[in-house]
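In: model the following, please.
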Amino acid sequence: MTGYKRGSAESSWEGVYAEDLAPWDLGRPQQAWVRVVDAGQITSPVLDSGCGTGEHALLLSESGFEVVGIDISSTAIDRARAKGAARGLNASFEVGDVLMLDRLERRFATIIDSAVFHVFDDAERPQYVRSLASALDTGGVLHLMCFSEQEPGDGGPRRVTQSELRSAFDHGWEVERIDPEWLEVRPDWSPRPAHAWLARIVRTD
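Out: As a prediction, this is how the structure comes out:
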């Protein structure tokens, strides 16, 4: 669950993880993703786009899926690899920019995005959507969870409306559903989870 921008922003994400300032880094998977897995909505191979310290990729690996996690933070990836080794799991982790997923030079049947889409501004959103398309099979499924405009206040990540999601994925994709969800955060940051959307989006060409 890391944001992605080049240049100085890359070092800022290193700082977030080095200083333990990631509210989303729970030390366990988000319950929303546990439910997605339990519901049988995942097909191998899987890409975790913005995997952070790897909890969701490791959940998928433990559940029997072939999975690759990618994150711009080398600190986060080092921690993900260490967790995988300690748990005896075979998830692969790579340092990389989710705006350039074509550099992986492979495609996946499923991509999960846990709180990455909402870090991008209007100019970067189309680039991210193109990047996702470059790594997802035609007919493959993107599961995307992002902050919702129903979250009160203006602190934290940018809020995203359903119409913004549909607009971002209006060419070459079918937005099959967008459901309300909760994005959990560490209790030392907030006593409650944040309002979110969980979208199921299919690549159609």
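
In: please make it C-alpha for all contacts and neighbour counts, starting now.
Out: Noted.

In: which residues touch stretch 52-66?
Out: Under the criterion C-alpha atoms under 8 Å, 6 or more residues apart in numbering, residues 1-2, 25, 27-30, 33-34, 37, 43-48, 51, 67-71, 73, 76-81, 83-84, 89-91 lie in contact with stretch 52-66.

In: in it, which residues are buried?
Out: 52-62, 65-66 (16 or more other C-alpha atoms under 10 Å).

In: quick check: mean pLDDT of stretch 145-159?
Out: On average, the pLDDT along stretch 145-159 is 86.

In: and it, C-alpha only, in CSV?
Out: Provided in CSV are the C-alpha atoms of stretch 145-159 (Å, rounded to 0.1, in the frame of the first residue of the first chain):
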residue,chain,number,x,y,z
MET,A,145,-9.5,-0.8,-2.8
CYS,A,146,-9.3,3.0,-2.3
PHE,A,147,-10.4,5.8,0.0
SER,A,148,-14.0,6.8,-0.4
GLU,A,149,-15.5,10.3,-0.5
GLN,A,150,-17.7,9.1,2.4
GLU,A,151,-14.7,9.4,4.7
PRO,A,152,-15.2,12.6,6.7
GLY,A,153,-12.6,15.3,7.0
ASP,A,154,-9.7,16.0,4.7
GLY,A,155,-6.8,14.3,6.4
GLY,A,156,-5.1,11.3,4.8
PRO,A,157,-5.3,10.2,1.2
ARG,A,158,-7.4,11.8,-1.5
ARG,A,159,-11.0,10.7,-1.6
